[in-house]
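Engineer: need coordinates for the below:
(2 chains)
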Protein chains: 2
Amino acid sequence: MVLLASLRSSPLRQPSRAARLAFSTSSTLMQPLTVDSLNSQLQTVQYAVRGELAIKAETYRDQLRSENHNLPFDKVISSNIGNPQQKGLDQPPITFTRQVAALTEWPALADLAPGVFPADVVARAKELQDEIGSIGAYSHSQGVPFIRKNVAKFIADRDGHPSSPDDIFLTAGASPGVSLWINLLITNPESGILIPIPQYPLYTATLAQHHGRAIPYLLDESSGWSTSPESIETALAKAKEEGTTPKALVIINPGNPTGALLTAPTMTSLIRLCEKHSLVLLADEVYQNNIHDKSQSFVSFKKLVRDLKSEVPLVSFHSISKGVSGECGRRGGYFELVNVGEEVRALVYKLVSVGLCPPVSGQIGVDSMVRPPKENSASYALWKSETDAIHTALASRTKIMAQRLNALPGVSCVESPGALYLFPKITLSAKALEAAKGEGKEPDAFYALGMLDETGICVVPGSGFGQKEGEWHYRLTCLCPGVEEYVGKLERFHAKFVQKYGSA
Amino acid sequence: MVLLASLRSSPLRQPSRAARLAFSTSSTLMQPLTVDSLNSQLQTVQYAVRGELAIKAETYRDQLRSENHNLPFDKVISSNIGNPQQKGLDQPPITFTRQVAALTEWPALADLAPGVFPADVVARAKELQDEIGSIGAYSHSQGVPFIRKNVAKFIADRDGHPSSPDDIFLTAGASPGVSLWINLLITNPESGILIPIPQYPLYTATLAQHHGRAIPYLLDESSGWSTSPESIETALAKAKEEGTTPKALVIINPGNPTGALLTAPTMTSLIRLCEKHSLVLLADEVYQNNIHDKSQSFVSFKKLVRDLKSEVPLVSFHSISKGVSGECGRRGGYFELVNVGEEVRALVYKLVSVGLCPPVSGQIGVDSMVRPPKENSASYALWKSETDAIHTALASRTKIMAQRLNALPGVSCVESPGALYLFPKITLSAKALEAAKGEGKEPDAFYALGMLDETGICVVPGSGFGQKEGEWHYRLTCLCPGVEEYVGKLERFHAKFVQKYGSA
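Structural biologist: So this is what the prediction gives:
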């Protein structure tokens, strides 16, 4: 009671010395903030893309700044993350996107630097400014209505089916949308969501965060990482046996980390499967513009759901971080709701409104992605040559890398038609497995750490994405320039590793 | 089994017509996605700042575009949200901030438009670019290390105590940081967090989202919305009786919606209270640069915690959305950890890494806020005149509005020394209460809706922030230009309302 009474000082009166002493005695009882006192569920979150290897790579990068770094490489190559514009990688920003961005940041530039900006850029920036006003203001929580209209038109043109701006939610990259939907769908700790294995670890991380269960289904490496409805049915049956209530199916198309591209017949089967099991379809389509194989093309789930007149609730995610845009740091993206009613949409709106609005510069990035320069406009030729160069470099590099990796003993690599990655399988000798165990590492993490230590190349072990029991992979991006030097490093490391640990 | 078998089509084979028919039969059983099938906890989330009134205001704004709108006003004034650069409001962006932003968007501009940018802007942009590389790349998940260094220096200069870049986490505005910490602190459904009443509804909304309990403590309107440790002790005792485990204390200083500024003695008592009860102190200090009363000054909790050598774990939030920056749409902010150990920091890092990184343009906005132009630099004079004008306008408008509101019958309004808002109390007649009840509205929502319908001014009812039982308020921002016309509208509406419903 003494302590309590001593607290009863008026807010404007300094506590007495006695009171302060009483407090400082009590403060010795104060518990420090420890991990154990925090949400235990969050401690289970794993996100390998920025995990142990990425942190070690950063340490090496710092070390390289000193002249006597004593490292066997002179640069760190971040192949762990699809971050096209990162230092040392080679995907340049699209000039049109950046010119529009610069003019909306400081509109006076159009007059202060006459002739510096192409006419279509000036017109575009003015149009955006008239609609948005200052980009320093919060926008509509769902995103600027005008930009949502442009997104809807982009989708309608792509699919041949109408799209409504009311069903578009602009987001800070695809991730917050995925996280929101997982939060919405997990109604209790028994709720589960079907996740491909291998998967992009955002899904399992977000499920852990929201106390939900992952229901893993295996992709088939032997058929180019194809998605099989049978495998999903097997996973569903197992989940139900375990008391899990399946709520949604996640499909990543083109695949991450696999690069696989779904065919329309498979997609049809998957839509039917969602109908049968009343699942929401969460379609991660952020790599839709990264198709390297010209004989194949991307088909959206929206198009097929409408073609089939299916009533499956679909949420489709897109982003400016990938594709030729590659504007990861801007944080822009959107999701479209299909077969989702007014009441649910209002709930989604309420939830996004708590976060106020997605970054306006990201929203403008979305606008530039869905409305590239028109043919015959002043910016078109440059835009065309820039985007062609990006597609060509990525396609050629992906092909060369897959071929060279496939030529290595104990390595096999599906030639990926899409996305930004390869996901080679590595077979490891008993000696290598033993050595990994000795260091308390997963075998593929052991291999990847060795690669980082020897070459400065940072990849992500397959265990971070999930893989079949007893198999080992790693994911690397196809974004590094100088493919010859780069693959050479991988080859020399692998040869040395095999020499040391033997082949499997 | 037939249905299951029919799914076993190879991913490359079109399902047979029979299979498709089988599926389409099953699809009639598919349940539509309803709110009831989603996370029920999320349905309890309330966020009045963008609630019913804001949505109605948008409808009016659309309606005004038609010539025969038949509305008794010619513009909607959004006084519901602290959004200084919104259309129709009058806080312009800081030129320095926007020039730096434009140059980092398109660095070639420095050469293409020589002489257009002041020398210090060119140097600043180049420095940022050398550190960051392309702003289109994901940065470090915790924020660009160089910018975190600058934030740490800003804090150290402000407080006279060291700050480490490792303890700074850059965020997309303050909200995601608050949400992350509430998520961390809610370990089970009995966990609670002390929230001031009235509060900024982000707190209760985020608590609802993360299945936690709000422990409300009352601010004292009669002493200028002061915070009293006694009131917090009372709330704590009640919470413990109800089986709630208190985890943290939220303090908003300067206050939102109240505008109150804490004194150092009160802050000392609050720190001691956190020590006594082992509470984490969550200090929302986003209005630290919005002080209108020159006789008062902002003191950070970081300074006092260090002055007192307290071991209270403190998370302090700041943002570029308020102050003279007002860059809401850019989504920039940070939180600093104080007395938080390495292990907890690593957990926080892991969680933010799942979201990849805060928007880089927001991070650059933070840099411009913590490193404004130096005296004698080319940009200083303009920066000084712009920021002085913002401070002066806000201080004078806040004062005039409070005085005029206080002159109205049945209205009393604390003269706010800080932040962007006023929170007048309105007393309502029995007839008004009856009329509100008849329309199924809270009385202050009824009053605010009447105001919107008559004047086009959109405010937020006090019930959205919480208030003492039987009291009614509303929050309005002090951001509208033309204070005479603006307050005139409020006065005429109030007179008419009193005429219709009588005084209390």
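Engineer: could you chop chain A up by domain?
Structural biologist: A:48-90+A:384-501, A:123-370 (automatic domain parsing).
Engineer: what about the first one, how long is it end to end?
Structural biologist: What it means is domain A:48-90+A:384-501. Domain A:48-90+A:384-501 has an end-to-end distance of 25 Å (criterion: C-alpha to C-alpha, to the nearest Å).
Engineer: close to chain B, is it?
Structural biologist: Yes: counting by C-beta under 8 Å from any C-beta of the partner chain, chain B has neighbours in domain A:48-90+A:384-501: A:V49, A:R50, A:E58, A:I81, A:N83, A:P84, A:Q85, A:Q86, A:K87. (Glycine included, C-beta is placed from N, CA and C.)
Engineer: part of a helix, is the first one?
Structural biologist: This points to A:V49. Yes: counting by DSSP: H, G, I helix; E, B strand; the rest coil, A:V49 falls inside a helix.
Engineer: if we can go back for a sec, any of the residues of domain A:48-90+A:384-501 next to chain B buried? List them.
Structural biologist: A:V49, A:R50, A:E58, A:I81, A:N83, A:P84, A:Q85, A:Q86 (16 or more other C-beta atoms under 10 Å in any protein chain shown).
Engineer: need the max-distance pair from those.
Structural biologist: A:E58 and A:P84 (19.0 Å; C-beta to C-beta).
Engineer: okay, strands next: where are they in chain A?
Structural biologist: A:77-78, A:168-171, A:191-197, A:213-218, A:245-252, A:280-284, A:314-319, A:333-338, A:411-412, A:421-422, A:425-426, A:457-458, A:460-461, A:474-477 (DSSP state E).
Engineer: who touches the first one?
Structural biologist: Right, strand A:77-78. A:A54, A:A57, A:Q86, A:G88, A:L89, A:T455, A:G456, A:I457, A:C458, A:C480, A:Y486 (C-beta atoms under 8 Å, 6 or more residues apart in numbering or on different chains).
Engineer: from those residues, pick the one nearest B:I320.
Structural biologist: Distances from B:I320 to the contacts of strand A:77-78, taken by C-beta to C-beta, are shortest for A:Q86, at 24.6 Å.
Engineer: looking at it, A:P461 is touching A:L476, isn't it?
Structural biologist: No: in this structure, A:P461 is not within contact of A:L476 by C-beta atoms under 8 Å, at 10.8 Å.
Engineer: tell me where the longest helix sits in chain A.
Structural biologist: Of all segments of type helix in chain A, defined using DSSP state H, the longest is helix A:380-406.
Engineer: show the contacting residues for A:R345.
Structural biologist: Neighbours of A:R345 in contact, by C-beta under 8 Å, 6+ apart: A:D166, A:D167, A:L337.
Engineer: and these, which of them are buried?
Structural biologist: Looks like the contacts of A:R345 have A:D167, A:L337 buried, using 16+ other C-beta under 10 Å.
Engineer: of the contacts of A:R345, closest to chain B?
Structural biologist: A:L337 (9.2 Å; C-beta to the nearest C-beta).
Engineer: export the residues of domain A:48-90+A:384-501 next to chain B to TSV and tack on distance to A:I320?
Structural biologist: As requested, those are exported to TSV (distance: C-beta to C-beta, whole Å):
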residue	distance to A:I320
A:V49	18
A:R50	20
A:E58	25
A:I81	16
A:N83	13
A:P84	11
A:Q85	11
A:Q86	15
A:K87	19
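Engineer: lowest-confidence one in the residues you listed?
Structural biologist: pLDDT is lowest at A:V49 among those; the value there is 71.
Engineer: hang on, isn't it packed against A:P461?
Structural biologist: No: taking C-beta under 8 Å as the definition, A:V49 is not a contact partner of A:P461, at 10.7 Å.
Engineer: could you list the low-pLDDT ranges of the stretch 51-200 of chain A?
Structural biologist: Residues of the stretch 51-200 of chain A meeting the criterion pLDDT under 70: none.
Engineer: chain B contacts on that one?
Structural biologist: Residues of the stretch 51-200 of chain A lying near chain B (C-beta under 8 Å from any C-beta): A:58, A:81, A:83-87, A:92-93, A:95, A:98-99, A:101-103, A:105-106, A:109, A:112-113, A:116, A:133-141, A:172-173, A:175-176, A:179, A:183-187.
Engineer: now, these that are in helices?
Structural biologist: Using DSSP H, these in helices are A:58, A:95, A:98-99, A:101-103, A:105, A:109, A:112, A:175-176, A:179, A:183-185.
Engineer: quick check: PyMOL command selecting the buried ones in these.
Structural biologist: Buried members of those, defined by 16+ other C-beta under 10 Å, are picked up in PyMOL with:
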select buried, chain A and resi 58+95+98+99+101+102+103+105+109+175+176+179+183+184+185
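Engineer: farthest pair within the ones in helices among the residues of the stretch 51-200 of chain A next to chain B?
Structural biologist: Longest span within these, C-beta to C-beta: A:L112 and A:L185, 49.9 Å.
Engineer: give me the pLDDT for the closest residue in space to A:A248 that isn't next to it in sequence.
Structural biologist: Distance criterion C-beta to C-beta, 6 or more residues apart in numbering or on different chains; nearest residue to A:A248, sequence neighbours excluded, is A:V280 at 4.1 Å. Per-residue confidence (pLDDT) for A:V280: 96.
Engineer: circling back: need the strands of chain A in CSV with distance to B:R331, can you?
Structural biologist: Shown next, in CSV, are the strands of chain A (distance: least, C-beta to C-beta, whole Å):
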stretch, distance to B:R331
strand A:77-78, 25
strand A:168-171, 12
strand A:191-197, 28
strand A:213-218, 30
strand A:245-252, 26
strand A:280-284, 23
strand A:314-319, 16
strand A:333-338, 14
strand A:411-412, 43
strand A:421-422, 28
strand A:425-426, 40
strand A:457-458, 28
strand A:460-461, 28
strand A:474-477, 27
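Engineer: out of those strands, nearest to A:D388?
Structural biologist: That would be strand A:474-477 among the strands of chain A, by C-beta to C-beta, at 20.2 Å.
Engineer: and for A:D220, the neighbour number?
Structural biologist: 16 (other C-beta atoms under 10 Å in any protein chain shown).
Engineer: show the pLDDT at the closest residue to it other than its chain neighbours.
Structural biologist: Leaving aside its sequence neighbours, A:D220 sits nearest to A:S226 (C-beta to C-beta, 6+ apart; 5.0 Å). pLDDT for A:S226: 94.
Engineer: so A:S226 makes contact with A:A260?
Structural biologist: Yes: counting by C-beta under 8 Å, A:S226 does reach A:A260; the two are 6.4 Å apart.
Engineer: who's more crowded, these two?
Structural biologist: Between A:S226 and A:A260, counting by other C-beta under 10 Å, A:A260 is the more crowded of the two (28 against 21).
Engineer: so that one makes contact with A:T227?
Structural biologist: Yes: here A:A260 reaches A:T227: they are 7.5 Å apart, a contact under C-beta under 8 Å.
Engineer: show me what contacts A:L42?
Structural biologist: So A:L42 contacts A:A208, A:Q209, B:N183, B:L184, B:L347, B:L351 (C-beta under 8 Å, 6+ apart).
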